[in-house]
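> Model the following, please.
(one chain, ligands or ions: 2)
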Amino acid sequence: MSIAVIGAGAFGTALAISLTANGPVCLWTRDQDHAQEMQDTGQNTRRLPGVALPSGLTATAEFDQAAQHETVLLAVPMQQLRRVLSEHASALRHATLVACCKGIELETGIGPCAVIGQVLPETPCALLTGPSFAHDIARGLPTALTLATENAQRGVRLQQLLSTANIRLYRTTDVIGAELGGALKNVIAIACGTVIGAGMGASARAALMTRGYAEMQRMALALGARAETLAGLSGFGDLALTCTSDQSRNYQLGLAIGRGEGFDPSITVEGAATARAVAAKAEQMGLDMPITEIVVGLLDSALTPESAMSRLLARPLKEE
Ligand SMILES: NC(=O)C1=CN([C@@H]2O[C@H](COP(=O)(O)OP(=O)(O)OC[C@H]3O[C@@H](n4cnc5c(N)ncnc54)[C@H](OP(=O)(O)O)[C@@H]3O)[C@@H](O)[C@H]2O)C=CC1
Ligand SMILES: O=C(CO)COP(=O)(O)O
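Numbers count the residues shown, from 1 in each chain. Ligands and ions are numbered 1, 2, ... in the order given. Model (predicted):
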């Protein structure tokens, strides 16, 4: 079984590095110079500096070369997924697609597998998600992730194919649960970074993580997810990682907001667009998602960290 990764960002490169332990991997970037640079230097200095690319990894800018592989991992940001799929739909039609992005599409309110289903309805797909930083995977540190696909047989096959010496995969058929866990935790991580950046303390962060988890469950269960998926790697696991580590870009954005500092807009922060998508969806569905709402307020500069916290604390008292 041959594997290609679309998107030579931090995560795509890390996955490609780890997967070469199982056989050759093709890594696609849209930029010919970037592909050449990776081939020449044996590193992805733009997106994952300091890690050597193994000899089994081939970098290319030829999409057809990547798309001819049986299994194609899609490691581009969520808001770019539809564009990449649409531009290359005919080349991708015969592959099994594994989305590796975490987020909800802003215009439609749907997750990565649903986007694949709209663009390429006949093409088998799955989702790879869960707690893992690209640098940890690339350095061979141990990680456990979730492989979600509705087809149980496909799940078993992909679990074998994509498990490596340092990536232990658990499988589930609850795609919507896995998608929402990975998407919604990024929104809560922005809120957690903000309270820490603003000096509000670790107790406030623990409160946000817990009430944020309640919010994640509220939406996920309303959309048909299973509670145990949210309690697993793709939900609770990734929430714990992202809300407590300053390696996380979502958390870093929160820290910057909390400290009143600027933040480089070119950095991929999936939680920003997802917060807006989720807030709109929650309103449509009549769901109470106060932490998501304050994250949108912070992103829009309509709230300060202090006014956001006051708003949460002033909510009517209720049962847990
Ligand atoms: N980094 C991490 O630790 C983890 C990331 N993820 C998820 O992986 C996904 C990707 O993140 P990550 O790799 O970190 O992001 P990066 O910002 O490091 O890289 C994004 C990559 O996507 C490419 N890209 C963006 N838009 C397009 C497009 N329209 N067509 C083709 N290529 C495009 C970029 O190409 P170019 O360089 O040319 O701009 C770049 O190679 C996100 O959903 C993230 O949540 C999941 C787990 C861990
Ligand atoms: O999803 C991640 C960890 O599991 C990566 O988090 P960031 O996108 O916030 O860096």
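> Over to the most centrally placed residue in the chain: give its phi and psi.
For the chain, the residue sitting closest to the mean C-alpha position, by C-alpha atoms, centre = their mean, is K102 at 2.4 Å. Here is the backbone geometry of K102 (degrees, to the nearest 10): phi -120, psi 110.
> quick one: contacts for it?
Contacts here follow C-beta atoms under 8 Å, 6 or more residues apart in numbering; on that basis K102 touches 78, 129, 182-183, 185-186, 238, 270. For the C-beta atoms, the positions are set from N, CA and C on the backbone; glycine is no exception.
> and if we set it to 6 Å?
182-183, 270 (C-beta atoms under 6 Å, 6 or more residues apart in numbering).
> quick one: which of the residues you listed is nearest R47?
When these are ranked by distance to R47 (C-beta to C-beta), E270 comes first, at 15.4 Å.
> So for the closest residue to that closest one other than its chain neighbours, what pLDDT did the model give?
Once flanking residues are discounted, E270 sits nearest to G103: 4.2 Å by C-beta to C-beta, 6 or more residues apart in numbering. You'll see G103 listed with a pLDDT of 98.
> count of residues packed around G103?
27 (other C-beta atoms under 10 Å).
> begin at 124 from here
Shifting the count to begin at 124 puts that one at G226.
> how close does it sit to A133?
According to C-beta to C-beta, to the nearest Å, G226 and A133 sit 15 Å apart.
> Please confirm that T269 is located within a strand.
Yes: according to DSSP: H, G, I helix; E, B strand; the rest coil, T269 belongs to a strand.
> Next up, the contacts around A395.
L422.
> Could you say which helix or strand holds it?
helix 393-408 (DSSP states H and E).
> and that helix, what's its mean pLDDT?
For helix 393-408, the mean confidence score works out to 98.
> Next to ligand 1, which bits of the chain? Give me the list.
Counting by C-beta under 6 Å from any ligand atom, the chain comes close to ligand 1 at 130-135, 152-154, 170, 198-201, 203, 206-207, 223-226, 255-257, 391, 393.
> filter those residues to the buried ones?
For the residues of the chain next to ligand 1, a neighbour count by 16 or more other C-beta atoms under 10 Å gives the buried set as 130-135, 152, 170, 198-201, 207, 223-226, 255-257, 391, 393.
> Those: which ones sit near ligand 2?
Of those, the ones that also sit near ligand 2 (C-beta under 6 Å from any ligand atom) are 225, 255-256, 393.
> Might you report the residue contacts of the closest residue to the residue nearest to the centre of the chain other than its chain neighbours?
Nearest residue to K225, sequence neighbours excluded (C-beta to C-beta, 6+ apart): G305, at 3.8 Å. Going by C-beta under 6 Å, 6+ apart, G305 touches 225, 252, 357, 361.
> May I have the phi/psi pair for G305?
phi -70, psi -30.
> how about the helices of the stretch 174-323 of the chain, start to end?
186-190, 201-210, 212-215, 235-242, 257-261, 275-285, 298-320 (DSSP state H, counting those that start in this stretch).
> and the ones you listed, which is most packed in?
helix 298-320 (a mean of 29; mean count of other C-beta atoms under 10 Å).
> OK, now which residue of the stretch 124-273 of the chain is nearest to ligand 1?
Closest to ligand 1 within the stretch 124-273 of the chain is G132: 1.9 Å, counting by C-beta to the nearest ligand atom.
> Looking at the closest residue to that residue other than its chain neighbours now. What's its pLDDT?
Residue nearest to G132 in three dimensions, not counting chain neighbours: R170, with 5.0 Å by C-beta to C-beta, 6+ apart. On pLDDT, R170 comes in at 98.
> Thanks again, I'm all set now.
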